[in-house]
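Peer 1: Pasted the sequence and its predicted model underneath.
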Amino acid sequence: MPKEPPLLEASSIGKQFPGVRALHNVNLTLFQGEILSLVGENGAGKSTMMKLLAGIHLPDDGAIKLNGDLVEITNVREAQKYGIALIHQELNLSDNLDIAANIFLGNEPHKNGVMDHNRIHRESAQFLKRVGLEFPTDTLVADLTIGHQQLVEISKALSVDARIIIMDEPTSSLSQKESKKLFEVIRGLKSQGISIIYISHRLGEVIDLSDRVSVLRDGENAGELVGDEITHDAMVKLMVGRDLSQFYNRTVTALGEKIFEVKGLRTPPYPDNEISFSVRSGEILGIAGLVGAGRTELLQTIFGITPAVGGSMKLNGKELMPKSSLEAIDSGIVLAPEDRKRHGLILEMNVRENTSLARLSRDQKVGIIDFNNEYELAEKTIKELKIKTPHSSQVVQYLSGGNQQKVVLGKWLSMNPSLLLLDEPTRGIDIGSKQEIYKLMEELAASGVAVIFVSSEMEEVLGMADRVLVMHEGAVTGDLSREQLNEEAVMQLATGNKAAA
Amino acid sequence: GNNSSNGTNDGDDKAKHKIAYVTNGIDPFWDLCAAGVRQAESELGGVECEIHFPTKGLADQKSIMESLMAKGIAGMAVSPVDADGQTKFLNEIASQTKLITHDADAPKSERLVYIGTDNYKAGRALGRLVKEAIPDGGEVAIFVGRLEQLNARQRRQGVIDELLDRPSQTLGQIKFDEVAKVFKGEKYTIVDTRTDNFVMDAAKSNAEDAITKYENLACMVGLFAYNPPRCLQAIKEAGKLGKIKVCGFDEDDALLQAIKDGHAHGTISQQPWNYGYQSVKVLKSILDGDNSVIPPNKFIDLGYKSVTAKNIDEFWSEKNKMAALGKKKD
Amino acid sequence: MNKNTIGILSLFVLIFGFTWYSNENFVNGYNMTNLVKWSSLYAIMGIGVAFVIITGGIDLSIGSVIGLVASLLALAIKYEWNPTLTVVLLLGLSIVIGLMHGLLITKVKLQPFVVTLCGLLFYRGISRWLTDNQTMQFPGTENLDSFFSGKLLIFGKFALSSPFFFLVVVAIIAAFFLNRTIWGRYLLALGNNEDGARYSGIQTDRLKIAAYVICSFLAGVSGLLFAYELDSVQPAQTGEFYELYAIAAAVLGGCSLRGGQGAIFGVIIAAAVIRLLRNSINLVGISTHLEFSIIGLVILGGVTADELIKRIVAKRRSKQISTSKS
Amino acid sequence: MNKNTIGILSLFVLIFGFTWYSNENFVNGYNMTNLVKWSSLYAIMGIGVAFVIITGGIDLSIGSVIGLVASLLALAIKYEWNPTLTVVLLLGLSIVIGLMHGLLITKVKLQPFVVTLCGLLFYRGISRWLTDNQTMQFPGTENLDSFFSGKLLIFGKFALSSPFFFLVVVAIIAAFFLNRTIWGRYLLALGNNEDGARYSGIQTDRLKIAAYVICSFLAGVSGLLFAYELDSVQPAQTGEFYELYAIAAAVLGGCSLRGGQGAIFGVIIAAAVIRLLRNSINLVGISTHLEFSIIGLVILGGVTADELIKRIVAKRRSKQISTSKS
Ligand SMILES: Nc1ncnc2c1ncn2[C@@H]1O[C@H](COP(=O)(O)OP(=O)(O)OP(=O)(O)O)[C@@H](O)[C@H]1O
Ligand SMILES: Nc1ncnc2c1ncn2[C@@H]1O[C@H](COP(=O)(O)OP(=O)(O)OP(=O)(O)O)[C@@H](O)[C@H]1O
Ligand SMILES: [Mg+2]
Ligand SMILES: [Mg+2]
């Protein structure tokens, strides 16, 4: 491990938001050419800490030293000057502009304000090559997949000549394959002497990648792990303050009848591919695949958000082809969507209003809301799902990611669905909440609900699914039973290699 | 419409002079003028008239006139929104077509003749009506759409000067009084002038508010056609019909009815149909080569008419007749 | 009552007090009758546009719809149609107008600003054209007249006029709809997050269309009320600029143009503030030329104060939490 | 040239052809001179508001700023101020106005619609008040007159007027600014994703303020041009409703009200389309009463066609992608 003085040293950092103490007395050091991982539960303050380093927020207390010199990073431009680049948790590209424009945004080579287009494109091409993205530099960002956009963000960090690149959950929307590619890029950067701060809830990645791990809990330092100390259990213990054993302890229950069947379903983005499969009651079916494999589209089609262009579906023996989410819900299908904040919740409404949103139309015949009923439903949901919220009138915006996801699930569970669709149910969710969500999935399956879940996290797929469908470019390339399940087989199928099945 | 575009037509069409009648905006007043235009068109023959009501003031009026020039028009009668400011432009028009002004003059321009009324004199006549209505004197409030228009200012000044017994001023050199000021004369006090920007509800609520504010209000004077009816409504709703007198300008039916019923004292009418009718008639003569219609001072004064209970029936039936005549063509 | 409503209510009380202090005639029965009447007329429009604003949309066509309905009413009466039938047809027409706006916005996915701006131009033109731009009156429809502009004497000279009763009905239904029914909840939800609402099984398109229908319908109702109130229609002018006052009332009353927020009571008070201002300007004797300026300043002052107060409250809250924690 | 611009250009050609066919006088020098002049005046306003729209904002105060600048100019000339100095001061004033809008929007975080709506009311009132609502003229400022409304004869009766030359300068600078400079790029970026732009180190607030300043400044320039073009100012009327035409031109010309999109050339053509329509209505002999309706319909038709074409293109593209994939 590096012995020279730290490149970056933040000490006793404190940060306050209206209503929240995000950071308190936090210390962080980073050495040259090091990959430091930052882990912690949702809301532990990881992103906030990084935003302080990148000049987006100002710390209330504490000091930051770069190369031993005390610095004050008051805006993004200064951070860039110090060689710090942050790749945000949420993508922050302007998708009306092309790749080159985004890479150099805010940092364009110019003469008196007049941009040097040629240089922008020429140099962008070099950065793209470094991260292994083979697109013309004038491709609109809107036309890229999320994974590719992520690589554009990294190119952007490279373009400012960063010595410290901070990546806040860069893999949360990447598939295994893309993640692997990203890790190569990260290691390449490290070998060039660039320091990386890496944030992720995927502890496997953290173990693979990190030289050192710093753990945050409730906005404070919870401990540090170096080298061999970096194990799953050790990190979890520091994060949640106790042991979390038996992570995926799927107890396989007896499966019931086939309750949901899809025949020759064709989704709008891949109208030529026919998808067929079935699920039994009590079964947890996983869907694996690379980003853009069409998994989200498949779930959305089943849920009626993007109606199918062909094929048929049968639920509980009844034919159906929902044209809207309402139809799907009415027939017993519910979806906890991939993008929780955009699709799953009404962020500015409270827990009570969110949990009752779908159910309102059921409980009331004349359209008048029964507030007592609504309140009871919310309290019941909070208790059953152990949602951490001060009261049912708390605005969901202020809940942590895991609790937000539980609100989404609570909304649907009150509908007593026969088929529960989960799209990346644990994306961006910390390890403790993850486990609770897994438990919930199991309980539901045990009660006879059929569960279909899409996940890009291999461990999760392997750990939770009774059976796995693998998709590649809109087609189902494999259907693996629990016995056939292994990482190798899934990866082969996910990359379109049917022979593996 | 369409047949005007294929120029080679029967002789009948060829002989017709194309005349444009351009107003300075949209107002009930112009509807009656338009009626006069239509009447003259059908009565006199040999002319084809188009009427334009510019929606939004000067810019619209200018671009409409430009389009008319482009289209090729033999004669044009216009009521300039701002006579002084438009002089140059009017001269440009006058160099290409027979131009006359109506309702508002542009004395510095090369228009052939002006057909209209002396609004200051008409205002003084209105002042005399007020004096008749409240011979013992009292508070008077004035209501008007906008004071940007010269005719509105002239009328208002005429009323004020008459009520304060000031000497008569000459049109063209009138000194205008401020708006936000009270003018106290021996018998009469002009307490307020309120504008409404042609917004009807503002016209009505201005009247209502004046009734609220001035408990001793004796007479309300409406300078634009729609003002007196709004005043009457407000008075009626306040239960002060007859207590507060109304004198007005122009010839809105509601006002005429009120004069007949004794709820309003009187109005000054410019007999707008004459504007339209005379404009067409004069233009036709000029276009036919007869310039004798143009008097030496280039002003055809159509005068005004004081209408009170005495002559209301006669006047109203004439108005109805003219309006109906004008509309026959449609 | 929510916090926004308290702000606007204070503003109302302030101006009311000031005007009363400046002119004691202000509170006499006749003036109060008028103030209530005009405020009611504006509030009805304001409530309509509030529904659209709650969905995150906007309706610039209100004034022109008012002009169109009033013009057509006058026209129909002139041609001796059955007045009651005409009124029903015109309300139907205003519903159809709202439906068209809604369909263009949800199905063709045009922007509300553009659709209703075109509506503003289109209906105004149609009104002028159909009536040949003639000023028109409403003779001899006594029943409708007292229905739409009748007065009920309460005491002394204070009377409540038809628009007030219309407002009461509209406000009660609107407040009930917004706060007590599932559709009101859905409207607020979709105004906050349209996708989220759709994923919860809410038929967002239908609800948005409904909001535009409500808005145009209430504009239609206002059109009838204004027509009978003024006993006269000027196709080119009746209703002009009313959309701006209606939107101002909605915003000042606590609706966020970003959607998802709205309070019927606030809108009513805000409409009253705007009318009160005009009344006050006339009574206090400020130059009528300044009217627009004062209204503009008060609205700006109102929303600025609102924003600043919100910030201070948020800051204070964060301080409380931090002291309670450490 | 981008795809949006082709759409609006076709519309222009279509209406041009139709009008020419209907009335051969249409293309005469005199009419073309006027068409170019009015189009230029509208385009300058349109370009101004385009900058604001690109940031995702809106400016409703343009017309009132025009009215205010024109009124103050007339007032200053009446009081015999130095005309050139006055012009400079007025342009300074319009910059200050834009600055205020920008500050209220970025610092106090008020919504652009509200701020500029209040501006619309406020400046109009001030214009009326300062001038006592009198129509005013511009006597004896010959130099400025020929600067702001001079004409350059090209051939026959066809002349290019000052507004056209102003437009050329404004358009070139604006297009250069938007497409070639970093600030133009920043505007587009922040209009699309404000947080993203800020995280890239762009000072989004300053740029937004700059957009409002540009818009008000160009409104000020338009105010001078209109004043000299018309040789007269009506404080209550000059500029009224121009904001709507300017916004319509910007939207029709390819700016999305959601921000992040804009094309200067498109705005110019769109302004020309709007003027052309009015010219056409007068020349073809359609009732002037219908003018608004036709403009409304054409704008609506234009954006609808645009939207539908975009969808078809998107569908075709997605098909190509899916076939190339499988
Ligand atoms: N701009 C803000 N305003 C108010 N509160 C904020 C803001 N940003 C973050 N917070 C709060 O600060 C706390 C720390 O948030 P932060 O985003 O740093 O957590 P995190 O560790 O990155 O969590 P996650 O794993 O979910 O990304 C949370 O309670 C969050 O709600
Ligand atoms: N709203 C959209 N507009 C255009 N293309 C889309 C949209 N949503 C998805 N796609 C495209 O459809 C394809 C399938 O995407 P989908 O999101 O279903 O993939 P996925 O397998 O669920 O991947 P992920 O892991 O990112 O969820 C991809 O090529 C994606 O770019
Ligand atoms: Mg985070
Ligand atoms: Mg997906």
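Peer 2: Looks like it arrived, so ask away. Ligands and ions are numbered 1, 2, ... in the order given.
Peer 1: Now do the helices in chain C.
Peer 2: C:3-22, C:29-54, C:62-78, C:83-106, C:112-130, C:142-149, C:162-180, C:182-192, C:194-199, C:204-230, C:242-252, C:264-284, C:291-325 (DSSP state H).
Peer 1: Could you pull up the residues touching the residue in the stretch 1-150 of chain C that ligand 4 sits nearest to?
Peer 2: Proximity to ligand 4, evaluated over the stretch 1-150 of chain C using C-beta to the ion, is greatest for residue C:109 at 23.9 Å. All C-beta atoms are positioned from the backbone trio N, CA, C, and that covers glycine. Neighbouring residues of residue C:109 by C-beta atoms under 8 Å, 6 or more residues apart in numbering or on different chains: residue D:307.
Peer 1: Can you pull the poorly scored residue ranges out of the chain?
Peer 2: With no chain named, the answer covers chain A. A:1-3, A:242-249, A:251-253, A:498-501 (pLDDT under 70).
Peer 1: Correction: the question concerned chain C.
Peer 2: Across chain C, the ranges flagged by pLDDT under 70 are C:1-4, C:139-140, C:317-326.
Peer 1: and what of chain B?
Peer 2: For chain B, applying pLDDT under 70 flags the ranges B:1-14, B:56, B:325-330.
Peer 1: one more time with 80
Peer 2: Scanning chain B for pLDDT under 80 picks out B:1-15, B:25-29, B:31, B:55-57, B:82-85, B:148-150, B:171-173, B:179-180, B:322-330.
Peer 1: element containing the residue in it that chain D sits nearest to, please.
Peer 2: Chain D sits closest to residue B:85 of chain B, with a gap of 2.5 Å, by C-beta to the nearest C-beta. Taking DSSP states H and E as the definition, residue B:85 sits outside all helices and strands.
Peer 1: possible to save the helices of chain C as a markdown table with distance to residue B:285 and mean neighbour count?
Peer 2: Putting the helices of chain C into a markdown table (distance: least, C-beta to C-beta, whole Å; neighbours: other C-beta atoms under 10 Å in any protein chain shown) gives the following:
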| stretch | distance to residue B:285 | mean neighbour count |
| --- | --- | --- |
| helix C:3-22 | 59 | 16 |
| helix C:29-54 | 51 | 27 |
| helix C:62-78 | 36 | 27 |
| helix C:83-106 | 46 | 19 |
| helix C:112-130 | 32 | 25 |
| helix C:142-149 | 48 | 16 |
| helix C:162-180 | 53 | 18 |
| helix C:182-192 | 66 | 24 |
| helix C:194-199 | 68 | 23 |
| helix C:204-230 | 42 | 25 |
| helix C:242-252 | 46 | 27 |
| helix C:264-284 | 49 | 25 |
| helix C:291-325 | 46 | 16 |
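Peer 1: Show me the helices in chain B, by range?
Peer 2: Per DSSP H, chain B carries helices over the ranges B:11-15, B:28-44, B:57-71, B:87-94, B:119-133, B:150-163, B:200-213, B:227-237, B:253-261, B:272-287, B:312-327.
Peer 1: these two touch, right, residue C:290 and residue D:127?
Peer 2: No. Counting by C-beta atoms under 8 Å, residue C:290 does not reach residue D:127; the two are 10.7 Å apart.
Peer 1: three-state assignment of residue A:48?
Peer 2: With DSSP: H, G, I helix; E, B strand; the rest coil as the basis, residue A:48 sits in helix.
Peer 1: what's near enough to touch it?
Peer 2: Neighbouring residues of residue A:48 by C-beta under 8 Å, 6+ apart: A:15, A:17, A:22-23, A:57, A:219.
Peer 1: May I ask which two of these are separated the most?
Peer 2: Across the contacts of residue A:48, no pair lies farther apart than A:57 and A:219, at 13.3 Å, counting by C-beta to C-beta.
Peer 1: which residues sit against the host helix or strand of residue A:204?
Peer 2: Per DSSP H and E, residue A:204 falls inside helix A:203-209. With C-beta under 8 Å, 6+ apart as the test, helix A:203-209 has contacts from A:35, A:37, A:39, A:171, A:179, A:183, A:186-187, A:198, A:200, A:213, A:230-232, A:235-236, A:431, A:459.
Peer 1: Can you turn the buried part of these into a PyMOL selection?
Peer 2: Selection of buried members from the contacts of helix A:203-209 for PyMOL, criterion 16 or more other C-beta atoms under 10 Å in any protein chain shown:
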select buried, chain A and resi 35+37+39+171+179+183+186+198+200+213+230+235+236+431+459
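Peer 1: Just the contacts of helix A:203-209: which are in helices?
Peer 2: Using DSSP H, the contacts of helix A:203-209 in helices are A:179, A:183, A:186-187, A:232, A:235-236, A:431, A:459.
Peer 1: Out of those, which is nearest to residue A:305?
Peer 2: Closest to residue A:305, out of all of the ones in helices among the contacts of helix A:203-209 and judged by C-beta to C-beta, is residue A:179, at 27.0 Å.
Peer 1: thought that closest one was touching residue A:171?
Peer 2: Yes. Between residue A:179 and residue A:171 there is a contact under C-beta under 8 Å: 4.4 Å.
Peer 1: which residues does the residue of the stretch 351-500 of chain A found nearest ligand 1 contact?
Peer 2: Residue nearest to ligand 1 within the stretch 351-500 of chain A: residue A:401 (4.3 Å; C-beta to the nearest ligand atom). By C-beta under 8 Å, 6+ apart, residue A:401 lies in contact with A:42-43, A:340, A:428-430, A:433.
Peer 1: could you dump the ones in helices among the contacts of helix A:203-209 to JSON lines with distance to residue B:186?
Peer 2: Shown next, in JSON lines, are these (distance: C-beta to C-beta, whole Å):
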{"residue": "A:179", "distance to residue B:186": "97"}
{"residue": "A:183", "distance to residue B:186": "99"}
{"residue": "A:186", "distance to residue B:186": "96"}
{"residue": "A:187", "distance to residue B:186": "102"}
{"residue": "A:232", "distance to residue B:186": "103"}
{"residue": "A:235", "distance to residue B:186": "99"}
{"residue": "A:236", "distance to residue B:186": "99"}
{"residue": "A:431", "distance to residue B:186": "95"}
{"residue": "A:459", "distance to residue B:186": "101"}
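Peer 1: Just the closest of those residues to residue D:94, please.
Peer 2: Residue D:94 lies nearest to residue A:186 out of those, by C-beta to C-beta, at 52.0 Å.
Peer 1: Could I get the contacting residues of the spatially most central residue of chain C?
Peer 2: In chain C, the residue lying closest to the centroid (C-alpha atoms, centre = their mean) is residue C:46, at 1.6 Å. Neighbour list for residue C:46: C:245-246, C:249-250, C:253, C:267-268, C:270-271 [criterion: C-beta under 8 Å, 6+ apart].
Peer 1: what's the closest non-adjacent residue to residue A:95?
Peer 2: Among residues not flanking residue A:95 along the chain, residue A:142 sits closest, at 3.9 Å (C-beta to C-beta, 6 or more residues apart in numbering or on different chains).
Peer 1: my guess is that neighbour is in a strand, correct?
Peer 2: No. Looking at residue A:142 with three-state DSSP, it is helix, so not inside a strand.
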